[in-house]
Structures are given as structure tokens and as C-alpha cells.
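Peer 1: sequence and predicted structure below; questions after.
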Amino acid sequence: DSGVTQTPKHLITATGQRVTLRCSPRSGDLSVYWYQQSLDQGLQFLIHYYNGEERAKGNILERFSAQQFPDLHSELNLSSLELGDSALYFCASSVTTGQPQETQYFGPGTRLLVL
Amino acid sequence: AQSVTQPDIHITVSEGASLELRCNYSYGATPYLFWYVQSPGQGLQLLLKYFSGDTLVQGIKGFEAEFKRSQSSFNLRKPSVHWSDAAEYFCAVGAKSGGSYIPTFGRGTSLIVHP
């Protein structure tokens, strides 16, 4: 158990809908990262937040957005869902600002299925 | 841009046999290299990482990896595989992105262990 929690574990929805994925980092970790894992694209970085502020953006679609709240939990919002958004979405956390020495601890993921 | 290639999609070994998983990277500067393991239904767990110094890196669960700059490789090894090592293994290179160092992952190698 990494100490990172993600809810829900599974999500089934329809095209065009909007969903929110939630992540709670390990106690004391200030950084949260979101990743998408799909058969087509593999494991891809989406976005990084540090202490409530966006620090880096990867291949995140404009239909997707994220935020980190004062209690450091984070939410990833996916809207106007398409079939191709079906994937496993991981959250990870690290102690501070995302320096290379820091270990990222991954949650178990949320499996999203868009029908 | 940085990239990681894991040439083997699947590898099958017998329990007790030695293991080597291949990883080749492309990155212009000194690379930060990682190996992660993903067990079924789990998030990713860091096995080991290389930043500088000794090119032979020891990790958890009896794994080690050797950085070879001349070959742009960072292969993962284990002298004797256990059935519990069956999992997906990901090599990653960390690159600076905005205010973070974000890993770029390979497509993974699935390890199958025969009794």
C-alpha cells in the first residue's frame, strides 16, 4: 500500500458525459501527478500540481482539467467523454516539488470505461 | 524529446532462472532513469533509480540495473526470479518539464514466470 488513495476504483459512463476522479496523496506529500494508461498510448503524464499550483503539463486534452485543493487532495475532471478516453488513470504523489531525486508513489488507479 | 524503448513486449522465464529486461533511452543530457513494477490491479512501484555515480544500481526485491552511457541502456536484472515477480515492468527517463522532472515511460515488458 503506497498511501495514495484514489476513488472511485471503477467508473462506467457514456460518451459526452463528465466525470471527476479523486486522489488523496500520502500524508505530508505536497505534489500530486496525474497519469493516463491506455493500450494505445501507454503510460502518459497529464499534469503536476505542487501545493495547489500547477507546475507542469503533459499531454492533457483541453477537455480535461485538474486542481489541487488546500487540503492537498486533487481532482481530475474529464468532460465531453469519448470512447478513446477509456483508460486507467493514476495519481501519484511526492514530498515536494518534483525534483528527480524524489520518489513518486502511485495510487491503485481509477479504471474508466466510456460506452 | 526524450524517449524510452523496451524491445521485449513479453518475456517468459522459469522460476529460479536469471532475468534481464532491456531498456534503451534517448535523452540529450544526463538522464535520470527509473524502473517501475506494476502488479495486476496495482499502481506502479519504484524498483530503483539512477541519477549519477556508480553505474550499477541496487533496488528493492533483489533487482539491480546497470547504466551504460555508450549503449544508451539501463537494463534490469535479477539473478533468480520468484513466481511473485510476474508483473509488468516499466523503464522511464526523467526529463525537466516546467518546474518538474517528469518520467517518460516505455511501453512496458510483461514478465511471465513458469513454475
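Peer 2: Looks like it came in fine. Numbers count the residues shown, from 1 in each chain, chains lettered A, B, ... in the order given.
Peer 1: can you tell me which residues in chain A are near chain B?
Peer 2: A:2, A:4, A:31, A:33, A:42-45, A:48, A:50, A:55-58, A:90, A:92, A:97-101, A:103-104, A:106-109 (C-beta under 8 Å from any C-beta of the partner chain). Bear in mind the C-beta positions are built from the backbone N, C-alpha and C, glycine included.
Peer 1: write a ChimeraX command that selects only the buried members of those.
Peer 2: The ChimeraX command for the buried members of these (criterion: 16 or more other C-beta atoms under 10 Å in any protein chain shown) is given here:
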select /A:2,4,31,33,42,43,44,45,48,50,55,56,58,90,92,98,100,104,106,107,108,109
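Peer 1: which of the residues of chain A next to chain B fall within strands?
Peer 2: Among those, DSSP state E puts A:31, A:33, A:42-45, A:48, A:50, A:55-57, A:90, A:92, A:106 in strands.
Peer 1: nearest to residue A:8, of the residues you listed?
Peer 2: Residue A:8 has its nearest neighbour among those in residue A:90, at 13.8 Å by C-beta to C-beta.
Peer 1: ok so, going back, mind putting the ones in strands among the residues of chain A next to chain B into JSON lines with pLDDT?
Peer 2: Listed next are these as JSON lines, based on pLDDT from 0 to 100:
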{"residue": "A:31", "pLDDT": "95"}
{"residue": "A:33", "pLDDT": "96"}
{"residue": "A:42", "pLDDT": "91"}
{"residue": "A:43", "pLDDT": "93"}
{"residue": "A:44", "pLDDT": "94"}
{"residue": "A:45", "pLDDT": "93"}
{"residue": "A:48", "pLDDT": "95"}
{"residue": "A:50", "pLDDT": "94"}
{"residue": "A:55", "pLDDT": "92"}
{"residue": "A:56", "pLDDT": "91"}
{"residue": "A:57", "pLDDT": "92"}
{"residue": "A:90", "pLDDT": "97"}
{"residue": "A:92", "pLDDT": "96"}
{"residue": "A:106", "pLDDT": "95"}
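Peer 1: the nearest residue to residue B:77 once chain neighbours are set aside: how many residues sit nearby?
Peer 2: Counting by C-beta to C-beta, 6 or more residues apart in numbering or on different chains, residue B:77 lies nearest to residue B:20, which is 5.0 Å off, once chain neighbours are set aside. By the criterion of other C-beta atoms under 10 Å in any protein chain shown, residue B:20 has 13 neighbours.
Peer 1: per-residue confidence for residue B:20?
Peer 2: What the model reports as pLDDT for residue B:20 is 98.
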